[in-house]
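Peer 1: After the sequence you'll find the predicted model.
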Amino acid sequence: FTQAIDRAPFDAVSSKRIANIIDALTLQAFQATARGLLERHKPVFALLLSMRIQQAQGMIQEEHLSCLLAGGAGLAIETVRRKPYNWVPDGAWLGCVNLFLRMAMFKDLPDSIQRYGDQWRFWFESDCPETLPTPEITTSSKMTPLGTLLLLRAMRPDRVMIAARTYVHSVLGDRFDLSVPLNMDSAFAESTERTPLVCIITPGAELADAVYALAKRLKKEVLSVSMGEGQSIVARKCIDTGISIGNWVLLQNAHMSIPFLEQLQVSMIKLEAIEPLFRLWITTQPHEAF
């Protein structure tokens, strides 16, 4: 929070200053969280964050969340309005009826599908329907990114996460970019001597090389240990040295020594004095302990 206050642009108008701080804090929390997620989980996190922000702003209701999560799962095809065309799958039709029943912006959706069947079929059977304008549903409102997301959830759930990028961009803006690679400099800048930097190993990622490169630029010595059987004692000695004189310590493949890390966490919490220049870097494969 303190970092967000320092980074937020100053404004003499208190309301704008508060808005700037909220924006800076949101961005900082987004980047810090995204750094710790696997690539496949990042879009889901960005979508959830966007929806929670709009929910707090009163722009999203529980009905939106329910429709996005469940679609038409609570309905039965035998009890709803008959679908107008055979090309409409039962699941897609139930999703559309659910939107019709729960969302005012889709009150004319079933009628629109029946009236503009050819246009809807073209949209539905497209490889990328999220890139096409939807056929006219109502003349009273324009389709929003959230509306497109809900419609895709009902009819083409396979395209929801693709379309979610547009929705996330409309809420969070350009700076909230999931494609930006890990920046070791910024990660280091936000760390402290008591905050280990945990790097999750992914295919093709040369995390140890990145740590060495950063250490070279900052003229820091790195004590490295590849964890495994019998390496806990070596790692403990390196950490004790780093804590006392301010070196960096790199524990590679830490998933091989989870019990040691648990003991290390307890011991470091109890330490009263740690050299401020000390940093503990940890590389690990995905593991439930992290």
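Peer 2: The structure has been received and is ready for your questions.
Peer 1: helices or strands next to the helix or strand of the chain with the lowest mean pLDDT in the packing?
Peer 2: Every helix and strand of the chain was ranked by mean pLDDT, DSSP states H and E. The lowest is helix 2-7, at a mean of 70. Applying 3 or more Cβ pairs under 8 Å, 6 or more residues apart in numbering; DSSP states H and E, one finds that helix 2-7 makes contact with helix 14-35. Where C-beta positions appear, they are placed from N, C-alpha and C, glycine not excepted.
Peer 1: picking up where we left off before, what lies in contact with the least confident helix or strand of the chain?
Peer 2: Under the contact criterion Cβ atoms under 8 Å, 6 or more residues apart in numbering, helix 2-7 has outside partners 21, 24-25, 28, 190.
Peer 1: Is it possible to mark the buried ones in these?
Peer 2: Buried residues within the contacts of helix 2-7, counting neighbours by 16 or more other Cβ atoms under 10 Å: 21, 24-25, 28.
Peer 1: Kindly confirm my reading that Cys199 is in a helix.
Peer 2: No - assessed with DSSP: H, G, I helix; E, B strand; the rest coil, Cys199 is strand; it does not lie in a helix.
Peer 1: Ala32 versus that one, what's the distance?
Peer 2: 14 Å (Cβ to Cβ, to the nearest Å).
Peer 1: who's more crowded, those two?
Peer 2: Between Cys199 and Ala32, counted using other Cβ atoms under 10 Å, Cys199 has the larger neighbour count: 23 against 12.
Peer 1: Just the pLDDT for the more buried one.
Peer 2: pLDDT recorded at Cys199 is 84.
Peer 1: Which residue, neighbours along the chain excluded, lies closest to it?
Peer 2: Leu207 (4.4 Å; Cβ to Cβ, 6 or more residues apart in numbering).
Peer 1: ditto for Gln119
Peer 2: Leaving aside its chain neighbours, Gln119 sits nearest to Pro135 (4.0 Å; criterion: Cβ to Cβ, 6+ apart).
Peer 1: Hmm, that neighbour is touching Arg121, no?
Peer 2: No - if you go by Cβ atoms under 8 Å, Pro135 and Arg121 don't touch, sitting 9.6 Å apart.
Peer 1: of these two, who's got more company?
Peer 2: Of the pair Pro135 and Arg121, Pro135 is the one with more neighbours under other Cβ under 10 Å, namely 18 against 15.
Peer 1: Can you read off the pLDDT for the residue nearest to Gln119?
Peer 2: pLDDT, read off for Pro135, is 91.
Peer 1: Residue ranges in the stretch 101-250 of the chain under the pLDDT threshold?
Peer 2: For the stretch 101-250 of the chain, residues meeting the criterion pLDDT under 70 lie at 139-141, 178-182, 203-205.
Peer 1: Just the strands from it, written as ranges.
Peer 2: Here the stretch 101-250 of the chain has its strands, by DSSP state E, counting those that start in this stretch, at 197-200, 222-226, 248-252.
Peer 1: Just send those strands back as JSON lines, with distance to Gln61 too.
Peer 2: Listed next are the strands of the stretch 101-250 of the chain as JSON lines, based on distance: least, Cβ to Cβ, whole Å:
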{"stretch": "strand 197-200", "distance to Gln61": "36"}
{"stretch": "strand 222-226", "distance to Gln61": "52"}
{"stretch": "strand 248-252", "distance to Gln61": "47"}
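Peer 1: Quick check: which element contains the most centrally placed residue in the chain?
Peer 2: Central residue of the chain (Cα atoms, centre = their mean): Phe45, 2.8 Å from the mean position. Using DSSP states H and E, Phe45 maps to helix 42-56.
Peer 1: Contacts for that helix, please.
Peer 2: With contact meaning Cβ under 8 Å, 6+ apart, helix 42-56 is reached by 26, 30, 33-34, 37, 60-61, 64-65, 68, 146, 161, 164-165, 167-168, 171-172, 176, 178.
Peer 1: Out of the strands of the stretch 101-250 of the chain, the one nearest Met184 is which?
Peer 2: Smallest distance to Met184 across those (Cβ to Cβ): 8.5 Å, for strand 197-200.
Peer 1: Partner strands of that closest one and their direction?
Peer 2: Using DSSP bridges, the strands paired with strand 197-200 are strand 279-284 (parallel).
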